[in-house]
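here's my sequence, what's the structure:
(chains A and B)
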Amino acid sequence: MSRLLVALLKRDLGRLLGSGQGGGTVLPILFFLAVAMIYPFAVGPDAALLARTGGGVIWIAALLAAILPLDRLIEPDLQKGMFDQWALRGISEETVVAVRVLSHWISFGPPLMLAAWPAGALLGLSSASLRMVELGLLAGTPGLAALGVAVAAITAGLRGGAALAGLLVIPLGVPLLIFGAGSLSAGGESGLALTAAVSLVLMAAAPFAGGAAVRATRD
Amino acid sequence: MQGPPTSARIAAHDLACRRGDRVLFRGVSFTLKPGQALQVSGANGIGKSSLLRLVAGLARPFAGQVEHGGIIGLIDEQPALDTEIPLARALGFWSRLDGSACVPLEALGLSDLLDVPVRFLSTGQRKRAAMARLIGQGAAIWLLDEPLNGLDVHATRLVEELTASHCARGGIALIASHQPFSFADMKQLALADYAA
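Reported below is the predicted structural model:
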């Protein structure tokens, strides 16, 4: 069993981290930084305003960046017939989707937390609020990854699936956004715990929702 | 290759298949014992691939049931190999899952292609690579969906020989093809006779 999980994880990481088609892990991170970079151009160089709103902008940028890799999470494996071959070997769709959530988080969460550093500097965040942003991202990105994989499975094989996936992720990601960005306000530390709680719910549900969605594409 | 898969069997009882609101076929029954092969023939769209997916358990029959003993291996139009990476690594992923079985890469004409990314392979080469994946799986039951599509004369004969030796070792082959597939004593099932 563990040999199976390692083999799946290694393949996933090779595909998601690699610079192959879709830009790998780099494109969402560059997009995230670009959003943080253009925000001061839009609202002007008011340092106090930027510092006050910057944490929220980082959260919005993270949510939007989570949309970019969606079309490469499940759809290519369905097209290639990988899921059929796994099913013949008794490897459940839930197992594959759970491993995919982990590998997607590895290719997305830590790089995003690293990129939040320069993004925080661009927005003039204080070190205290940058710390809260980083902790919030640590608690929230696993949930974003799980949500992304589940939505990618639900929209796989649909015409215009990629655009629909983006539309689905935004409202479903709102709880993470509220608690994550809410933890930045004064006395908002409990927001971190709520962000982590939402993440846990999403991570628990994603393998089952995603697995059922993949099986439904066979009918 | 694993030992002789003597317990292999397929039994289909009164199968019916529905696509959308159209019933493609009904009343299909057959049994295959170790060493037997069956060719399902019929025009395009008559439900050959659907029948194979029913037998594989990847789709649910509209009516009837399928029983099988033994591991099932399937080749269909997708080779299920990662296209961005070299063939050796794409096959290596499956051999890590399936355990190592000896694959006649030389005979399949793949030994020179191992460092070529799968996306650069031709249709016939991909088909042969899928054959290598199937052999490496060590499955007792082979389901081959149009296995000869895109293959030249030489490769066609090779696939026929590999299938024959698989059955000689006690395996089962179920072949869906509109092309003639030469195999001694192969059972035939014309799906058109069961069209609903």
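
the residue in chain A that chain B sits nearest to and A:Trp117, how far apart?
Closest residue of chain A to chain B, CB to the nearest CB: A:Gly81 (3.2 Å). In this view, the C-beta of every residue, glycine as well, is placed from N, C-alpha and C. According to CB to CB, to the nearest Å, A:Gly81 stands 41 Å off from A:Trp117.

between those two, which one's more packed in?
Legend: neighbour count by other CB atoms under 10 Å in any protein chain shown for A:Gly81 and A:Trp117, higher for A:Gly81 (19 against 13).

for chain A, which residues are neighbours of chain B?
A:3-4, A:7, A:11, A:14-15, A:18, A:20-21, A:79-82, A:84-85, A:87-89, A:91, A:218-219 (CB under 8 Å from any CB of the partner chain).

make it 6 Å
Contacts of chain A with chain B, taken as CB under 6 Å from any CB of the partner chain, map to A:Ala7, A:Arg11, A:Gly20, A:Lys80, A:Gly81, A:Met82, A:Asp84, A:Gln85, A:Leu88, A:Arg218.

tell me the SS of the residue most central in space within chain B?
Chain B has B:Leu144 as the residue nearest its centroid, 2.0 Å off, counting by CA atoms, centre = their mean. Following DSSP: H, G, I helix; E, B strand; the rest coil, the label given to B:Leu144 is strand.

just the pLDDT for it.
Looking at B:Leu144, its pLDDT reads 93.

who does it bridge with?
When bridges are called by DSSP bridges, B:Leu144 pairs up with B:Ile75, B:Ile175.

now do the strands in chain A.
With DSSP state E, there are no strands along chain A.

for it, what spans make up the helices?
Taking DSSP state H as the test, the helices found in chain A are A:2-17, A:26-43, A:47-65, A:75-80, A:82-88, A:93-122, A:127-155, A:161-172, A:174-182, A:190-216.

and the residue lying farthest from the centre of chain A, its phi and psi?
The C-alpha centroid of chain A is most remote from A:Asp46, which lies 30.3 Å away (CA atoms, centre = their mean). Main-chain torsions, A:Asp46, degrees, to the nearest 10: phi -80, psi 100.

tell me who's in contact with it.
With contact set as CB atoms under 6 Å, 6 or more residues apart in numbering or on different chains, A:Asp46 has no partners.

check it and give its pLDDT.
pLDDT, A:Asp46: 89.

show me what contacts A:Phe83?
A:Asp77, A:Val214.

do A:Pro175 as well
A:Val198.

can you tell me how far it is from A:Gly191?
11 Å.

just to revisit the earlier point, of the residues of chain A next to chain B, just the buried ones, PyMOL syntax please.
The PyMOL command for the buried members of the residues of chain A next to chain B (criterion: 16 or more other CB atoms under 10 Å in any protein chain shown) is given here:
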select buried, chain A and resi 7+11+20+80+81+82+84+85+88
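
mind putting the residues of chain A next to chain B in JSON lines, distance to A:Gly211 and pLDDT included?
Output for the residues of chain A next to chain B, formatted as JSON lines (distance: CB to CB, whole Å; pLDDT from 0 to 100):
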{"residue": "A:Ala7", "distance to A:Gly211": "18", "pLDDT": "92"}
{"residue": "A:Arg11", "distance to A:Gly211": "18", "pLDDT": "91"}
{"residue": "A:Gly20", "distance to A:Gly211": "25", "pLDDT": "57"}
{"residue": "A:Lys80", "distance to A:Gly211": "18", "pLDDT": "91"}
{"residue": "A:Gly81", "distance to A:Gly211": "17", "pLDDT": "91"}
{"residue": "A:Met82", "distance to A:Gly211": "14", "pLDDT": "94"}
{"residue": "A:Asp84", "distance to A:Gly211": "14", "pLDDT": "94"}
{"residue": "A:Gln85", "distance to A:Gly211": "16", "pLDDT": "94"}
{"residue": "A:Leu88", "distance to A:Gly211": "16", "pLDDT": "93"}
{"residue": "A:Arg218", "distance to A:Gly211": "12", "pLDDT": "85"}
